[in-house]
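Participant: With the input below, show me the fold.
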Amino acid sequence: MKVSLIQMNTQDDLDRNIETAISMVEKVVEKEGPDLVVLPEYFAYLADGPQNMHGSGEVFPDGPIYKALSNLATRLNITLHAGSIVEREGNQHFNTSLVFGPGGEELARYRKIHLFDVDTPNGISYRESDSVARGTEVVTYKVGERTVGCAICYDIRFPELFRALRDKGADVIVLPAAFTLMTGKDHWELLARARAAETQTYFVAVGQTGTHAEGKKACWGHSMVVDPWGHLIAQCSDGVGAASATLDFDYSAKVRANVPVASHHVL
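Facilitator: Numbers count the residues shown, from 1 in each chain. So this is what the prediction gives:
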């Protein structure tokens, strides 16, 4: 399987963000020919405050973003893991990953379980629970014969979710994110490598980069692919861009055979 990562600097212009995402996916597909393309968290709209974020939300499958993503996957004959957007259901909103197959069909819908409610040392507060409700389901989907697990951003700090994904047969775990600059510089790579090594899966972590919310908040970027031994095999440079990697599942099998941690759990 070949996977391509799209690293964006999403702002508060919904139409422009969608145009940028589509253009970047088209270019990476033309250049790399991937099977799976991954966008970052909140790729369609990223701003400050619940009212702004709710305004970008839509009801699935009737919304224009949903339809544009489905059409894009069909036209390019790819599996598209569409980072996350705001899903509206009744009076609730969710931070939701959508995955579309090469026929445009919805393969998966994952609502972020762990919400980022944090006060940083430099005085900036994040209250994701003010904007969205938490999901409850552990979600996987198939790309060919391979199982892909879903997670989003702050989920990375909760290893029990990733064990659950491994126990559901995940060969690859995909985590779109808008990881903060403050925490990202110390923990992004550390946590991604840990989740890959402990689950013995390929870990695909795709982030936002640069500032948003009128420059008040910043994301770390450094999107990466980590192999089942915990080594980086691809990474985006600073700034907007893309990176690709080919995943070798014979290597995954070797790692799992040499250190069979999945069969050693006693709790």
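Participant: What count of nearby residues applies to Gly49?
Facilitator: Neighbourhood size, Gly49 [other C-beta atoms under 10 Å]: 12. C-betas here are computed from N, CA, C, even on glycine.
Participant: residue contacts, it?
Facilitator: Contact analysis of Gly49 by C-beta atoms under 8 Å, 6 or more residues apart in numbering lists Ser131.
Participant: State the pLDDT value of it.
Facilitator: Here, the pLDDT recorded for Gly49 equals 88.
Participant: Same question for the one 3 residues further on.
Facilitator: What the model reports as pLDDT for Asn52 is 91.
Participant: Need the nearest residue in space to it, chain neighbours excluded.
Facilitator: Closest residue to Asn52 apart from its sequence neighbours, by C-beta to C-beta, 6 or more residues apart in numbering: Asp12 at 6.6 Å.
Participant: which phi and psi does that neighbour have?
Facilitator: The phi/psi pair for Asp12 (degrees, to the nearest 10) reads phi -100, psi 20.
Participant: From Leu36, how far off is the spatially closest residue to Asn77 that is not a sequence neighbour?
Facilitator: With C-beta to C-beta, 6+ apart as the criterion, Asn77 has its nearest non-adjacent residue at 4.7 Å, and that residue is Pro102. Per C-beta to C-beta, to the nearest Å, Pro102 is found 10 Å from Leu36.
Participant: Phe43 now?
Facilitator: Phe43 is 15 Å from Leu36, where distance means C-beta to C-beta.
Participant: Which of the two has more residues huddled nearby?
Facilitator: Phe43 (27 against 22).
Participant: In contact with that one, which residues?
Facilitator: By C-beta under 8 Å, 6+ apart, the contact list for Phe43 reads 6, 8, 10, 17, 21, 82-85, 176, 208.
Participant: In this structure Val99 contacts Ile78, no?
Facilitator: No. Assessed by C-beta atoms under 8 Å, Val99 is found out of contact with Ile78, at 10.9 Å.
Participant: Between the two, which is the more surrounded one?
Facilitator: Val99 (26 against 22).
Participant: which residues in the stretch 51-200 of the chain form helices?
Facilitator: Applying DSSP state H, counting those that start in this stretch to the stretch 51-200 of the chain gives helices spanning 64-76, 159-167, 181-199.
Participant: Could you dump those into TSV and include mean pLDDT and distance to Cys219?
Facilitator: Shown next, in TSV, are the helices of the stretch 51-200 of the chain (pLDDT from 0 to 100; distance: least, C-beta to C-beta, whole Å):
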stretch	mean pLDDT	distance to Cys219
helix 64-76	98	20
helix 159-167	98	21
helix 181-199	96	6
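Participant: got those as TSV, with distance to Gln92 and mean neighbour count columns?
Facilitator: Below are the helices of the stretch 51-200 of the chain laid out as TSV (distance: least, C-beta to C-beta, whole Å; neighbours: other C-beta atoms under 10 Å):
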stretch	distance to Gln92	mean neighbour count
helix 64-76	17	18
helix 159-167	21	17
helix 181-199	27	19
